[in-house]
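A.B. asks: Provided below for reference: sequence and predicted model.
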Amino acid sequence: MKKGLLILTILSACMLFAGCSDTSSHSRGVYMLMDTSGTYKNELKKACSIIYYLLGTLKPGDSLGVARIDTGSFSEKDIIAKKSFDKRPSVSNQQKRLFKDKVDRFVAAVKGSSYTDISGGILQAVEYLNETEAGKKYILIFSDLKEDLGKGYVRDFEIKMPDVHIVALNVTKLRSDNFDPREYMNRLEYWKKRAQDGGATWRVVNDLERLDAILVD
Amino acid sequence: MPTTNFFMVLPGSPVLSGLILFTIALLMLYLARAPSHRAIRSLGSIIHSAMRIASRSVLQAEQNLVERNKEVLLAAGREAVERSIEREFHRVDAVVKRDLSAYPALQLKLSEQITLIDEDYRESTELPPPSPTWVSAVEAVANIRPQGDGTVADILMEIQETTEKQYKKAMNDYRESMGKRHGLLKKMMPHWRKLAHTLDKVGKNITGLQERGKVIDRRMEEYEEIRARSVRAQQTLSSSAMTQFVISGFVLLIAFGGAVINFNLIALPMSEMVGGASYIGGYSMANVAAMVIILLEVSMGLYLMESLRITKLFPIIGAMDDRMRRKMIWITFGILLILACVESSLAFMREQIAADMEALRQSLTSSETIQPVNSWIPTIGQMVMGFILPFALTFVAIPLESFVSASRTVGGVIMTAFLRWIAFMFRLLGNIASYLSEFLVNAYDILIFPPLWIERLAFHKTGEERINSQEGRI
């Protein structure tokens, strides 16, 4: 009788585990693009604080990638650090520490780039996020959103990025924007349209005191 | 053709067309007055009857439920009293076995003590002094008249001295024998005390048994009342069930709080074992695993309590033979102990993970690392809690049984009230339908009041003419 009860309990538990297994992914994938061109290079300390926030917020099983935006950003070489964190919290914490070290080393030794290929960076981000198979995908663009392509770089096509949330961070105003603010508006509008045409959502977060607003759907 | 044109009886004159149509409609309604009234009344009657039937059915169901509740209540009460009487008899049995089984030995002891006392008493009895045989000789000598004879005086002096000597000796003997007797009586005292103590003990046992007997009598009276299905017994049991429901519900709430604390204690370290990124039905695998462990602990606690025959939720376990039951007690206790050890180690791991997370967070927020307070107290506290909570959750079985038992009665009472309310609503709707039909009949008449008024006038006139003609004829 006792055996019967035990077996019944174990079977019920097994059925619960097997029958209700959730196939949808609950993990989050975040890819952050950092503009290293010209004067924006000076803003990288702010970018670091955002990365630290992400490291503190992301949970075991989530993925984080950090890449720079330079002349040709559609390249693995521009990826500073990327990691899908382990499912165990202790291992995940260790991975986060190593991630932080990599980012710190990069920021200390970064050199400014001549051109700004934001579209290439976004393409690279979409590729990475699709590989992670994360349930929620975020691309964070830490840039003034002024794209400046080198000669021969073709980026004027639609980028398919369904179910991706794009968040533009710290979009600073350029000197020319002060003369004609419409340039700033048009720039934001242009990227919003490109994001939405590709199937992504678009948000701008300039207040870095409210970092909790970054990873909101 | 547009609809508006269809109703335009006189083209170009909508008011007149409307009036004509209204008059026609009034006439038609007037002509259909009687059947319309019947239709409205019959509709009201149908709804009224249907609602009454429904209400009666619900009331019948409510009556059945009341009967069932009564049965449940009385059965539960009977079972409780039976259990109580059984327990009292067990206690009486224990007292009888413990004390009265030793009664022959006690009796032997008592008789031994009585014999000893008796012997001592007999030895201590006062012996009659020896009969003075020489008294008559002394009396004869005493009768001799002193006549100045020196010899006689000497003899008398000798006799006096001898008598005094003899008196002293007799007194000494007497004192000695009295002393011995007192010594023997003194020796009797511990025996008396022992005897009194033994008799006191017997008296207490007998009194205890008498008290148990009174309790059994009271329980038997209750049992008789329940068997007789008296109103008083039902009221008492119902009130008792309500009290049990509230108290056991409160205790279960406390136990739930304990389970939540337990859950928080092991959910985080569970992610280290089962991974923090797996999900089951939208819930984290670690949380589900922690919940399963807690539920397993509660289940084991239930089985343990059942095996110990403290609760009676599973009659199968209670009906097992003693050997099997004892095995089950040890197995469930063993599993509980293992789970308690697992929880304790998980609590230890939790503290380590939390410290690691805190260190990481500090390294991310500031360049200076703040050294955490190095204290073992929280860790030990969590480990102890992790060990104790599974055993504490074992006792959930007791309030759970009371809650389940009492909720049958309370649920029945609530269901009865609900059915009564439903029946009332049916009756109310039926009556509303009935009065509404009357209202519609009257509203119908208000709508066609012009032809009705004309009809009344015409009838009134015809009636007057008829009366006048009748009067003329007369």
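C.D. replies: Looks like it came in fine. Numbering: from 1, shown residues only, chains lettered A, B, ... in the order given.
A.B. asks: count of neighbours near the closest residue to A:Leu211 other than its chain neighbours?
C.D. replies: Among residues not flanking A:Leu211 along the chain, A:Tyr53 sits closest, at 4.5 Å (CB to CB, 6 or more residues apart in numbering or on different chains). Where C-beta positions appear, they are placed from N, C-alpha and C, glycine not excepted. Other residues near A:Tyr53 number 17, with proximity taken as other CB atoms under 10 Å in any protein chain shown.
A.B. asks: ok, now B:Val95?
C.D. replies: By other CB under 10 Å, neighbour count at B:Val95 equals 15.
A.B. asks: And B:Gln470, by the same measure?
C.D. replies: Neighbours around B:Gln470, by other CB under 10 Å: 9.
A.B. asks: Surely it forms part of a strand?
C.D. replies: No - secondary structure of B:Gln470 (DSSP: H, G, I helix; E, B strand; the rest coil): helix, not part of a strand.
A.B. asks: show me what contacts the closest residue to chain A within the stretch 101-250 of chain B?
C.D. replies: As assessed by CB to the nearest CB, chain A sits closest to B:Ser248 within the stretch 101-250 of chain B, at 23.9 Å. Residues near B:Ser248 by CB atoms under 8 Å, 6 or more residues apart in numbering or on different chains: B:399-400, B:402-403, B:406.
A.B. asks: tell me which of the residues you listed is nearest to chain A?
C.D. replies: Using CB to the nearest CB, those come closest to chain A at B:Leu400, 16.6 Å.
A.B. asks: Am I right that the closest one is in contact with B:Leu302?
C.D. replies: Yes - using CB atoms under 8 Å, B:Leu400 is in contact with B:Leu302, at 7.4 Å.
A.B. asks: which residues are common contacts for the two?
C.D. replies: B:311, B:313.
A.B. asks: quick one: B:Val396 from B:Ala241, how far?
C.D. replies: As judged by CB to CB, to the nearest Å, B:Val396 and B:Ala241 stand 20 Å apart.
A.B. asks: So the residue nearest to A:Leu211, which state does it fall into?
C.D. replies: Under three-state DSSP, A:Tyr53 comes out as helix.
A.B. asks: where does chain A have its least confident helix or strand?
C.D. replies: helix A:2-19 (a mean of 51; mean pLDDT, DSSP states H and E).
A.B. asks: After that one, which helix or strand is next? Please name it.
C.D. replies: strand A:28-35 (DSSP states H and E).
A.B. asks: quick one: contacts of that next one?
C.D. replies: A:43-44, A:47, A:50-51, A:54, A:58-59, A:62-69, A:73, A:80, A:116, A:118, A:121-122, A:124-125, A:128-129, A:132, A:134-144, A:215.
A.B. asks: Going by residue numbers, what spans are helices in the chain?
C.D. replies: No chain specified, so I'll use chain A. Ranges of helices within chain A are A:2-19, A:44-57, A:89-109, A:118-132, A:175-179, A:181-197, based on DSSP state H.
A.B. asks: wait, I meant chain B there
C.D. replies: Using DSSP H, helices in chain B cover B:3-6, B:14-31, B:33-99, B:103-123, B:135-142, B:150-227, B:231-274, B:285-307, B:315-318, B:322-365, B:377-394, B:397-447, B:449-473.
A.B. asks: worst average pLDDT in these?
C.D. replies: Lowest mean pLDDT within the helices of chain B: helix B:3-6, a mean of 64.
A.B. asks: show me what contacts B:Arg326?
C.D. replies: Counting by CB under 8 Å, 6+ apart, B:Arg326 has contacts B:Ser307.
A.B. asks: Tell me how many other residues surround B:Ser363.
C.D. replies: 18.
A.B. asks: now the helices of chain B in TSV, with distance to A:Arg155?
C.D. replies: Listed next are the helices of chain B as TSV, based on distance: least, CB to CB, whole Å:
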stretch	distance to A:Arg155
helix B:3-6	63
helix B:14-31	71
helix B:33-99	74
helix B:103-123	108
helix B:135-142	159
helix B:150-227	89
helix B:231-274	42
helix B:285-307	42
helix B:315-318	73
helix B:322-365	34
helix B:377-394	56
helix B:397-447	67
helix B:449-473	84
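A.B. asks: Buried deepest among these, which one?
C.D. replies: helix B:285-307 (a mean of 21; mean count of other CB atoms under 10 Å in any protein chain shown).
A.B. asks: Kindly export that helix (C-alpha atoms) in CSV.
C.D. replies: Extracted in CSV, the C-alpha atoms of helix B:285-307 (Å, rounded to 0.1, in the frame of the first residue of the first chain):
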residue,chain,number,x,y,z
MET,B,285,11.6,25.3,-12.8
ALA,B,286,13.5,26.3,-9.6
ASN,B,287,10.3,27.6,-8.0
VAL,B,288,8.3,24.6,-9.1
ALA,B,289,11.0,22.3,-7.7
ALA,B,290,11.0,24.2,-4.4
MET,B,291,7.2,23.9,-4.3
VAL,B,292,7.3,20.2,-5.1
ILE,B,293,9.8,19.6,-2.2
ILE,B,294,7.5,21.5,0.2
LEU,B,295,4.4,19.6,-1.0
LEU,B,296,6.4,16.3,-0.6
GLU,B,297,7.2,17.3,2.9
VAL,B,298,3.6,18.0,3.6
SER,B,299,2.6,14.7,2.0
MET,B,300,5.2,12.8,4.1
GLY,B,301,3.9,14.6,7.2
LEU,B,302,0.4,13.4,6.3
TYR,B,303,1.5,9.8,5.9
LEU,B,304,3.4,10.0,9.1
MET,B,305,0.5,11.3,11.1
GLU,B,306,-1.8,8.7,9.5
SER,B,307,0.7,5.9,10.4
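A.B. asks: mind listing what the residue in the stretch 201-350 of chain B that chain A sits nearest to touches?
C.D. replies: Nearest residue of the stretch 201-350 of chain B to chain A (CB to the nearest CB) works out as B:Ala277 at 2.3 Å. With contacts defined as CB under 8 Å, 6+ apart, the neighbours of B:Ala277 are A:26-27, A:59-62, A:87.
A.B. asks: Among these, which one sits closest to B:Ala359?
C.D. replies: Distances from B:Ala359 to those, taken as CB to CB, are shortest for A:Pro60 (16.3 Å).
A.B. asks: That closest one - how many residues pack around it?
C.D. replies: Neighbour number of A:Pro60 under other CB under 10 Å is 23.
A.B. asks: Need the pLDDT of the residue nearest in space to the middle of chain A.
C.D. replies: In chain A, the C-alpha nearest the mean C-alpha coordinate belongs to A:Tyr31, at 2.1 Å (CA atoms, centre = their mean). We note a pLDDT of 95 for A:Tyr31 in this prediction.
A.B. asks: And B:Arg309, by the same measure?
C.D. replies: For B:Arg309, the predicted pLDDT is 86.
A.B. asks: burial measure for it, as a count.
C.D. replies: Neighbour tally, B:Arg309, other CB under 10 Å: 12.
A.B. asks: doesn't B:Met320 make contact with it?
C.D. replies: No - here B:Arg309 does not reach B:Met320: they are 9.9 Å apart, not a contact under CB under 8 Å.
A.B. asks: and chain B, which residues reach chain A?
C.D. replies: Residues of chain B lying close to chain A (CB under 8 Å from any CB of the partner chain) are B:268, B:271-272, B:275-282, B:284, B:288, B:292, B:296, B:299, B:303, B:316-317, B:320, B:324, B:327-328, B:331, B:352-353, B:356-357, B:360-361, B:363-365.
A.B. asks: Dump the helices of chain A to JSON lines, plus distance to B:Leu156.
C.D. replies: Shown next, in JSON lines, are the helices of chain A (distance: least, CB to CB, whole Å):
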{"stretch": "helix A:2-19", "distance to B:Leu156": "111"}
{"stretch": "helix A:44-57", "distance to B:Leu156": "135"}
{"stretch": "helix A:89-109", "distance to B:Leu156": "128"}
{"stretch": "helix A:118-132", "distance to B:Leu156": "147"}
{"stretch": "helix A:175-179", "distance to B:Leu156": "165"}
{"stretch": "helix A:181-197", "distance to B:Leu156": "159"}
